[in-house]
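1. Predicted model and sequence below, questions to follow.
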Amino acid sequence: MEFIPVANVTTTEKDAQAVYDVVKSGWISKGKKVDEFEAKFAERVEAKHALAVNNGTAALHIVLAALGIGPGDEVIVPSLTFISSANAVLYQNATPILVENDPDTYNVTPEIIEKAITPRTKAIMPVDMNGMPVDYEAILSIGEKHGIPVIADSAESLGAVYKGRKVGGVAEIQCFSFFPNKAITTGEGGMITTSNDELAGKMRMILNQGQDGRYNHVILGYNYRMCDINAALGTVQLSRLDEMMDAKEKIVSRYNKLLAGQEGISIPIVPNYVDRHSWYMYAVQVDEKIRDAVVDKLAEANIQTRLSFPPIHIQKYYAERFEYAPEDLPASYHTWKRLINIPIWPGLKDGQIDYVAENLIKAVDALTV
């Protein structure tokens with residue numbers, strides 16, 4: 001079998017033509033294509049405002065800056081996520097309070113968040129792990145009760161639907177990433193959605209060097225703009241979002257049929273409040289004692305995998321700076337030790353799906369004692 005990557009960029013001639021047209025036009029910086037992309041994105045997720053930026057990390061940083069998060073402030077962040085979630089907090093010289101995840105959904109829960117709130121908590125940053133929405137209603141209720149804003153890190157969940165509402169229009173603030181392995185790509189890019197007019201205006205200034213009109217710099221800002229080249233690609237990709245999600249859902253259905261009930265393999269659990277999962281990744285769990293050996297056997301069969309994101313609290317920088325040990329957040333640590341992300345991307349063929357599942361089952365059976 002030929003090499004099967006864990007993820008693959010899905011682009012077409014139409015994508016390439018859109019980028020070519022922008023380059024040919026002579027206007028490649030932030031312009032009308034960014035405006036068009038923002039408008040169509042806001043419409044797609046049913047949000048009032050959408051602000052295009054140069055990457056998902058910048059999106060998080062802009063929001064924190066706009067909310068005035070700073071030294072002495074705490075932001076609740078799950079440990080089992082990509083490091084950018086916590087890094088953005090440090091950019092503001094605030095303190096990320098790393099918390100546990102639910103071992104079944106991989107998402108932070110309302111109960112975990114509630115226990116972590118202190119008088120210094122100034123924001124809550126839940127993450128839609130692997131593209132599955134958190135329990136927004138419950139988490140937003142906690143934020144409202146304590147007067148704490150919720151910054152939804154929805155980098156992986158574009159296209160997902162929570163209780164009939166599209167992710168992007170559920171929380172007051174949601175942040176997305178358009179890295180090549182996400183639901184849609186702009187090469188590099190991100191988006192912030194919000195229903196708050198005042199906050200949207202402030203964030204537009206922050207992402208563009210703090211300008212209120214050309215060369216009128218009224219607050220500290222950054223160069224976090226998206227350019228028209230990226231936006232043109234994103235606009236075409238956005239028009240095919242449902243098509244690409246449908247393709248992933250068929251892959252998930254096939255994996256579920258092949259892997260459900262297999263001894264030693266746990267397939268993803270989707271809570272009933274999730275109407276649509278965006279399936280950024282399809283993660284299975286195996287015994288942590290054999291996880292790495294299973295990955296090696298899949299690699300021998302020409303199947304690429306990912307071990308999900310190592311929890312932030314075990315990353316060298318955070319472990320040393322905040323004196324974390326792996327067992328300080330045992331659920332996050334041991335969940336990660338069991339996780340394997342297997343190939344899922346539009347264009348993956350039935351034969352390839354079957355081959356991945358067959359080799360995964362074979363590897364787990366051979367290594368289970």
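-> Yep, that arrived.
2. any idea of the pLDDT on Val369?
-> At Val369, the model reports a pLDDT of 76.
3. average pLDDT across stretch 261-274?
-> Here the average pLDDT along stretch 261-274 is 97.
4. Would you mind extracting the C-alpha trace of it into CSV?
-> Provided in CSV are the C-alpha atoms of stretch 261-274 (Å, rounded to 0.1, in the frame of the first residue of the first chain):
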residue,chain,number,x,y,z
GLY,A,261,-16.4,-3.4,19.5
GLN,A,262,-12.8,-4.3,18.7
GLU,A,263,-11.1,-5.4,21.9
GLY,A,264,-8.4,-2.9,23.0
ILE,A,265,-9.6,-0.1,20.8
SER,A,266,-11.9,2.8,21.8
ILE,A,267,-13.4,4.9,19.1
PRO,A,268,-14.5,8.6,19.5
ILE,A,269,-17.5,9.3,21.7
VAL,A,270,-19.8,12.1,20.6
PRO,A,271,-22.2,13.6,23.3
ASN,A,272,-25.8,14.2,22.4
TYR,A,273,-25.4,18.0,22.5
VAL,A,274,-23.2,17.8,19.4
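5. From Ala42, how far off is the nearest residue to Asp21 once chain neighbours are set aside?
-> Excluding its sequence neighbours, the residue lying closest to Asp21 (CB to CB, 6 or more residues apart in numbering) is Ala232, at 6.9 Å. For every residue, glycine as well, the C-beta is placed using N, CA and C. Note on Ala232: its distance to Ala42, by CB to CB, to the nearest Å, is 17 Å.
6. Compare neighbour counts for the two and give me the winner.
-> Remark: of Ala232 and Ala42, Ala232 carries more neighbours, 26 against 19, as counted by other CB atoms under 10 Å.
7. and the more buried one, what are its phi and psi?
-> For Ala232, the backbone dihedrals are phi -60, psi -40 (criterion: degrees, to the nearest 10).
8. all strands of the chain, in order?
-> Secondary structure of the chain by DSSP state E: the strands cover 49-53, 74-78, 95-99, 121-124, 151-153, 161-162, 165-166, 173-177, 190-194, 274-276, 282-285, 339-342.
9. Those strands: which one's closest to Pro326?
-> Of all those, it is strand 95-99 that lies closest to Pro326, at 12.1 Å by CB to CB.
10. tell me what the closest one is packed against?
-> Under the contact definition 3 or more CB pairs under 8 Å, 6 or more residues apart in numbering; DSSP states H and E, strand 95-99 sits against strand 74-78, helix 84-91, helix 110-116.
11. can the strands of the chain go into CSV with extra columns for mean neighbour count and distance to Thr11?
-> As requested, these are exported to CSV (neighbours: other CB atoms under 10 Å; distance: least, CB to CB, whole Å):
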stretch, mean neighbour count, distance to Thr11
strand 49-53, 25, 19
strand 74-78, 26, 31
strand 95-99, 22, 35
strand 121-124, 23, 35
strand 151-153, 28, 26
strand 161-162, 20, 25
strand 165-166, 19, 24
strand 173-177, 29, 17
strand 190-194, 28, 19
strand 274-276, 19, 23
strand 282-285, 23, 21
strand 339-342, 22, 22
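12. I'd like those strands as JSON lines, with distance to Ala138 appended.
-> Formatted as JSON lines, those follow (distance: least, CB to CB, whole Å):
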{"stretch": "strand 49-53", "distance to Ala138": "25"}
{"stretch": "strand 74-78", "distance to Ala138": "14"}
{"stretch": "strand 95-99", "distance to Ala138": "15"}
{"stretch": "strand 121-124", "distance to Ala138": "12"}
{"stretch": "strand 151-153", "distance to Ala138": "13"}
{"stretch": "strand 161-162", "distance to Ala138": "11"}
{"stretch": "strand 165-166", "distance to Ala138": "14"}
{"stretch": "strand 173-177", "distance to Ala138": "16"}
{"stretch": "strand 190-194", "distance to Ala138": "20"}
{"stretch": "strand 274-276", "distance to Ala138": "13"}
{"stretch": "strand 282-285", "distance to Ala138": "23"}
{"stretch": "strand 339-342", "distance to Ala138": "24"}
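13. Having no further points to raise, I will conclude here.
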